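S.K.: sequence below, structure please.
(chains A and B)
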Amino acid sequence: GQNIDQPTEMTATEGAIVQINCTYQTSGFNGLFWYQQHAGEAPTFLSYNVLDGLEEKGRFSSFLSRSKGYSYLLLKELQMKDSASYLCAVRDGFGGYNKLIFGAGTRLAVHP
Amino acid sequence: DTEVTQTPKHLVMGMTNKKSLKCEQHMGHRAMYWYKQKAKKPPELMFVYSYEKLSINESVPSRFSPECPNSSLLNLHLHALQPEDSALYLCASSQPLRGSNQPQHFGDGTRLSIL
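M.R.: Numbering: from 1, shown residues only, chains lettered A, B, ... in the order given. This is a model prediction of the structure:
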């Protein structure tokens, strides 16, 4: 079966660091994506991991361990505008082109 | 502003109506997708088109009928929908390369309400 788990909600303080975890069990694996989605808006791409290790992109970093079926998204120097849902998505290596399986998303609230 | 444009942004229709959702992208992507998203839930894949051919249908009811007239356009024709079909419908596009790190780019969606 396909299963992607993320915490439902998190809160953090402006200027702090937050780590959003994602664990997955999927029939295939061909990369993991993180998306940000503000309420009522389109998901926007944040990061991509296909090999183990850390990918850094400004204030955002993402880590992957394929042997553990585990990823995290690290957000540094939090800003109020970072309040959004963060979606972990695994690209299934089988069944078609670029098929993404999404986790339920983590709603992050950043407080002053 | 997103590079994938969806129209209309909002749509209210009765269960007997026929309407269409439209999606357009000019990024040269050859894969296009329809997703359904309910409130506080993740997007659920409905259809995938690759090189204008339907490659994935996730067992979607026939009251939803996709169409890809050309590489830039994707339509979703709606007929005899049910109240539970009320949701945000998202279109996305990407390169179809399986091993690529190219992400899917999403439109802002059409918020559909069925009366």
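
S.K.: what strands flank the helix or strand bottoming out on mean pLDDT in chain A, and is each parallel or antiparallel?
M.R.: In chain A, no helix or strand scores lower on mean pLDDT, DSSP states H and E than strand A:99-102, which sits at a mean of 88. Here strand A:99-102 has these sheet partners by DSSP bridges: strand A:84-92 (antiparallel).

S.K.: which residues does the partner strand contact?
M.R.: In this structure, residues lying in contact with strand A:84-92 by CB atoms under 8 Å, 6 or more residues apart in numbering or on different chains are A:2, A:4, A:6, A:20, A:22, A:24, A:26-39, A:43, A:46, A:71, A:73, A:98-103, A:105-108, B:42-43. Backbone N, C-alpha and C define where each C-beta goes, glycine included.

S.K.: right, and the helix or strand after the host helix or strand of residue B:6?
M.R.: Using DSSP states H and E, residue B:6 maps to strand B:4-7. Downstream of strand B:4-7, the first helix or strand assigned by DSSP H and E is strand B:10-13.

S.K.: next secondary structure after that following strand?
M.R.: With elements assigned by DSSP H and E, the helix or strand that comes after strand B:10-13 is strand B:18-25.

S.K.: list the helices and strands that following strand packs on?
M.R.: Here strand B:18-25 touches strand B:4-7, strand B:10-13, strand B:31-37, strand B:73-79, strand B:87-94, going by 3 or more CB pairs under 8 Å, 6 or more residues apart in numbering or on different chains; DSSP states H and E.

S.K.: done for today, thanks.
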